[in-house]
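Student: Okay, here's the prediction I keep looking at, along with the sequence it came from:
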Amino acid sequence: MPHSAAARARASARVGATRQPGARPRWWAELTLVVLIYAAYSAGRLLARDDGSAAVDHGLAILRVEKALFLNAEHPLNRLFTATPALAVPADFVYASLHYLVTPAVLVWIFRRRSTHYRAARSWLTISTLLGLVGFTLLPTSPPRLLDARHGFVDTMAQYSEYGWWGGEASAPRGLGEMTNQFAAMPSLHVGWAVWCGVLLWRHARTPLVRWLGAFYPAVITVVVMGTANHYFLDAVAGALVMAVGALLTGPATRAADRLRAAVAARFGKPPAPSPSAAPAPIPSPAPEPVSSHTLPSTASPEPSSPSPTPASSAASASTPSPDHPPNGTRIPGRPAPRPRASPIVSGGCETSAGDRFPGRRTRGSTSGTSSADDTPATAR
């Protein structure tokens, strides 16, 4: 049907318009943006470097707060990792590698398989990372491994550095320790980025195994960063809080970016081109229905419609006798007698008393099971 085809075309156009916000962005533009963001993150860590005295004071203050709240889980974990190479060496590899492998892998997976959620995921990661840079700048903190040995911490990465590519300075490869910020412990973006990965895998993965791996990944990273003496427990808590704040700011920041983009496009007279998926499908014009010889209209002139009868004419026609409707009391030979019509009077055809108004009651003088009142209406008798 032409009309149904046009309706389907309009519906597909509306569906295409609703898919515009979730259209997959250009991969080269996103790759450039991610590289720029990571370069800014690394430069920010370098600019936030401190001489060490203030960072050590902040680290000792955090340690005192944790001891007062009985939250200093770093000490028993670090002693366990130090005494057990089977735990320390894998933990060192996890700390030095997964932070830079799992996070971009999840980002690429969201880009390719869940493109409708990619922009929100990328914005969430970017905003949270910028908040972490603010924390590194305002609160430089020495990790437990850089405190004096009398505080009871051992740098497991330096102790087992011969097993990996890292040296004695954080997780950087040997000879590149000066390119990292040793005092970027508060908040822990190792834990923050792990929370980001875990939430996305739990929400968007379809395999239960992948979902549960995403759920356990932040917990594993939290244990690793404390066992290797790279972060305090409160650093991990701060990393999770940074991601929570970033998630709350993602929606307003995305809407503000859309308004800014629209304002720039209107200012320079270049409206943003719609996405190919948002282009409305052309609505086909309804094709004329084929005319067959069976559906040709009749050439005979239509019969004139009779005027609607008036009350007076209806009454006159009712009073005029006709062969089919003879007057009352007249019987046509060869036809059975017409059945008498029921009287509109409730007590018609039966004898009732003054206070009795029930139809069908027998008379007082009825004998032998018969009644003096027959089925003929009173007017007929």
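Tutor: Sure, I can see it. Quick caveat: nothing in here was measured; it's all calculated off a predicted structure.
Student: who's in contact with stretch 187-202?
Tutor: The contact list for stretch 187-202 (C-beta atoms under 8 Å, 6 or more residues apart in numbering) reads 95, 99, 102-103, 106, 110, 117, 121, 124-125, 128-129, 132, 135, 210-211, 213-218, 220-222, 224-225, 230-231, 235-236, 238-243. Bear in mind the C-beta positions are built from the backbone N, C-alpha and C, glycine included.
Student: could you point out which element follows the helix or strand containing Ile62?
Tutor: Element membership for Ile62 (DSSP states H and E) is helix 53-68. Scanning forward in sequence from helix 53-68 by DSSP H and E, the next helix or strand is helix 74-83.
Student: Contact partners for Val65?
Tutor: Leu71, Leu234.
Student: how far away is Leu131 from Val242?
Tutor: 5 Å (C-beta to C-beta, to the nearest Å).
Student: The two: which is more packed in?
Tutor: Val242 (24 against 18; other C-beta atoms under 10 Å).
Student: my guess is the more buried one contacts Ser128, does it?
Tutor: Yes. Taking contacts as C-beta atoms under 8 Å, Val242 lies within contact range of Ser128: 5.3 Å.
Student: where do the helices sit along the stretch 151-300 of the chain?
Tutor: Taking DSSP state H, counting those that start in this stretch, the helices of the stretch 151-300 of the chain run over residues 156-159, 189-204, 208-227, 233-267.
Student: can you tell which of those helices is closest to Ala61?
Tutor: For Ala61, the closest of the helices of the stretch 151-300 of the chain is helix 233-267, at 10.0 Å, according to C-beta to C-beta.
Student: what mean pLDDT does that closest one have?
Tutor: For helix 233-267, mean pLDDT is 93.
Student: One more: stretch 123-134?
Tutor: 92.
Student: do the same with stretch 37-48
Tutor: According to the model, stretch 37-48 has a mean pLDDT of 67.
Student: for stretch 160-172, same thing?
Tutor: 71.
Student: Also stretch 58-74?
Tutor: 92.
Student: Just the C-alphas of it, formatted as CSV.
Tutor: The C-alpha trace of stretch 58-74 is given here as CSV (Å, rounded to 0.1, in the frame of the first residue of the first chain):
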residue,chain,number,x,y,z
HIS,A,58,51.5,14.8,53.2
GLY,A,59,52.3,11.1,53.0
LEU,A,60,53.1,10.9,56.7
ALA,A,61,49.9,12.8,57.5
ILE,A,62,47.8,10.3,55.5
LEU,A,63,49.6,7.4,57.3
ARG,A,64,48.7,8.9,60.7
VAL,A,65,45.0,9.3,59.7
GLU,A,66,44.9,5.7,58.6
LYS,A,67,46.4,4.4,61.8
ALA,A,68,44.0,6.4,63.8
LEU,A,69,41.1,4.9,61.8
PHE,A,70,42.7,1.4,61.7
LEU,A,71,42.8,1.5,57.9
ASN,A,72,46.5,1.0,57.4
ALA,A,73,46.2,-2.1,55.3
GLU,A,74,49.4,-1.2,53.4
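Student: how about it: buried residues?
Tutor: Judged by neighbour count (16 or more other C-beta atoms under 10 Å), stretch 58-74 contains these buried residues: His58, Gly59, Ile62, Leu63, Glu66, Asn72, Ala73, Glu74.
Student: Ok, stretch 229-240 next?
Tutor: By 16+ other C-beta under 10 Å, the buried positions in stretch 229-240 come out as Ala229, Asn230, His231, Tyr232, Phe233, Leu234, Asp235, Ala236, Ala238, Gly239, Ala240.
Student: just stretch 155-165 next, same as before
Tutor: Those would be Asp155, Thr156, Met157, Ala158, Gln159, Tyr160, Ser161, Gly164, for stretch 155-165 by 16+ other C-beta under 10 Å.
Student: need the contact list for the fifth one.
Tutor: If I follow you right, that is Gln159. Thr82, Ala88.
Student: so how far is Ala256 from it?
Tutor: Taking C-beta to C-beta, one finds Gln159 at 48 Å from Ala256.
Student: show me where pLDDT drops low in this structure?
Tutor: 1-24, 41-42, 44-51, 167-179, 270-381 (pLDDT under 70).
Student: how about a cut-off of 80?
Tutor: Within the chain, the set of residues satisfying pLDDT under 80 comprises 1-52, 164-181, 269-381.
Student: what's the burial count for Thr116?
Tutor: Thr116, neighbours per other C-beta under 10 Å, totals 13.
Student: Starting from Thr126, give me the distance back to it.
Tutor: With C-beta to C-beta as the criterion, Thr116 and Thr126 are 18 Å apart.
Student: Ok, Val106 next?
Tutor: Taking C-beta to C-beta, one finds Val106 at 14 Å from Thr126.
Student: Comparing these two, which shows the higher neighbour count?
Tutor: Neighbour count, other C-beta under 10 Å: between Val106 and Thr126, Val106 has more, with 23 against 18.
Student: Where does the more buried one sit: helix, strand or coil?
Tutor: In three-state terms, and counting by DSSP: H, G, I helix; E, B strand; the rest coil, Val106 is helix.
Student: contacting residues around it?
Tutor: Taking C-beta under 8 Å, 6+ apart, one finds Trp196, Cys197, Leu200, Leu201 in contact with Val106.
Student: how about the nearest residue to the second one, chain neighbours excluded?
Tutor: If you skip the residues right next to it in sequence, Cys197 has Val106 as its closest partner in space, 4.7 Å away by C-beta to C-beta, 6 or more residues apart in numbering.
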